[in-house]
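J.: Need coordinates for the following:
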Amino acid sequence: FIPSNMYVHHSDYRGNPYLPDEFMIEADHIKATNPRRYEWEYLGFPIGSGIVPFDNLQFRAITDDEIKGFDNLRAGHDWGYSIDPDVFVVWHYDKKRNIIYAVDEIHGIKMSFDILAQKIHEKGYCKQRTIADSAEPRSINEMTMRNCRFVGAKKGAGSVEHGEKWLDDLEAIIIDPKRTPNVAKDFEDADYVTDKDGNVITRLEHNDSVDATRYAMEDDMRKSKKTKTMSKEVFKI
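T.: Predicted coordinates for the structure are as follows:
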């Protein structure tokens, strides 16, 4: 109900003639590939509480032939605490198609550094550059001493939100539940934080596999953020 003395005006990007072509191209792409998100993010229409963080998820079998062709691997690690598991993930990033594929995982509660390193060596990922949560520099050093190529995540202001949006902007996140069951469960269960009144906050609840994936893809995310920032600066000039 709108009172007679109140005027409500609704506008969206389509009435702004000063937006750059890049923005319009991206909007058209989202409209074609994800109409629900387009209505919410670009047109400002309420679409209910059924919003899922990653509606680009695809759960399907990833064949051995596909795995053999994956040559652009990214690895990330989220440290475990108490009953919170250590989560090591490996993804393949298809830059041309803007798709990531879950390749492998190591998941365990209260794993010692020796056991974690042993599993990484057994799977052949000891030389794979692995970006881990930098909040634990001692843990990174422990893994380095065990000949695992661990480095700390750079993080920074807004890195969590940017990382989650980067993942959501991918054409697809493909996960084989048989190859990576824990990654599949975590991504499927991912949900937004809500405030005390039940309002959705655009940041995910703590999620081990999502965090490990953000670390794994950090360099690609930073390049993407830098490119978009430069584009905006050029437009301002």
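
J.: which residue sits closest to E171, ignoring its sequence neighbours?
T.: For E171, ignoring the flanking residues on the chain, the nearest one in space by CB to CB, 6 or more residues apart in numbering is N98 at 4.3 Å. Every C-beta, even on glycine, is put in place using the N, C-alpha and C of the backbone.

J.: Backbone torsions only: list them for that neighbour.
T.: When read as degrees, to the nearest 10, the backbone of N98 gives phi 60, psi 50.

J.: got it, and the one 5 residues further on?
T.: Dihedral angles of V103 (phi, psi; degrees, to the nearest 10) stand at phi -100, psi -40.

J.: and it, how many neighbours does it have?
T.: Using other CB atoms under 10 Å, the number of residues around V103 comes to 21.

J.: Repeat that for the one 3 residues further on.
T.: When counting by other CB under 10 Å, one arrives at 22 neighbours for I106.

J.: Tell me which residues touch it, please.
T.: Contact criterion CB atoms under 8 Å, 6 or more residues apart in numbering gives 86-88, 116, 119-120, 123 as the residues in contact with I106.

J.: Likewise for H107?
T.: Applying CB under 8 Å, 6+ apart, we find H107 in contact with 85-88, 182.

J.: Nearest residue to it in space, ignoring adjacent ones along the chain?
T.: The spatially closest residue to H107, leaving aside those adjacent along the chain, is N182, at 4.3 Å (CB to CB, 6+ apart).

J.: What is the neighbour count of K165?
T.: By other CB under 10 Å, the residues close to K165 number 15.

J.: element containing it, please.
T.: Taking DSSP states H and E as the criterion, K165 maps to helix 159-169.

J.: hmm, who's touching that helix?
T.: Contacts to helix 159-169, defined as CB under 8 Å, 6+ apart, come from residues 53-56, 100, 173, 202-204, 210, 213-214, 217-218, 220-221, 224-225.

J.: try stretch 25-34
T.: Taking CB under 8 Å, 6+ apart as the rule, stretch 25-34 contacts 13, 37-38, 41-42, 55-56, 171.

J.: Tell me the buried residues in it?
T.: Using 16 or more other CB atoms under 10 Å as the test for burial, stretch 25-34 gives 27, 30, 34.

J.: For the residue nearest to the spatial centre of the chain, give its distance to T213.
T.: For the chain, the residue nearest the mean C-alpha position is L167 (3.4 Å; CA atoms, centre = their mean). Taking CB to CB, to the nearest Å as the measure, L167 falls 7 Å from T213.

J.: One more: N56?
T.: As for N56, its distance to T213 is 13 Å (criterion: CB to CB).

J.: ok, now K95?
T.: Between K95 and T213 the computed distance is 16 Å (CB to CB).

J.: Now do stretch 75-87: everything it contacts.
T.: By CB under 8 Å, 6+ apart, stretch 75-87 touches 88-91, 105-111, 116, 125, 128-133, 135-136, 139, 150, 182, 186, 208-209, 211-218.

J.: about what we covered before: ok, of the contacts of I106, which one's closest to Y192?
T.: For the contacts of I106, the closest approach to Y192 (CB to CB) belongs to V87, at 20.2 Å.

J.: three-state assignment of F88?
T.: Three states are possible here, and by DSSP: H, G, I helix; E, B strand; the rest coil the one that applies to F88 is strand.

J.: mind checking the SS state of the nearest residue to it once chain neighbours are set aside?
T.: Counting by CB to CB, 6+ apart, I106 is the residue found nearest to F88 once chain neighbours are left out, at 3.9 Å. Recorded secondary structure, I106: strand (three-state DSSP).

J.: show me where pLDDT drops low in this structure?
T.: Judged by pLDDT under 70, the chain has its weakly predicted residues at 1-2, 36-37, 40, 45-52, 198-200, 202, 224-237.
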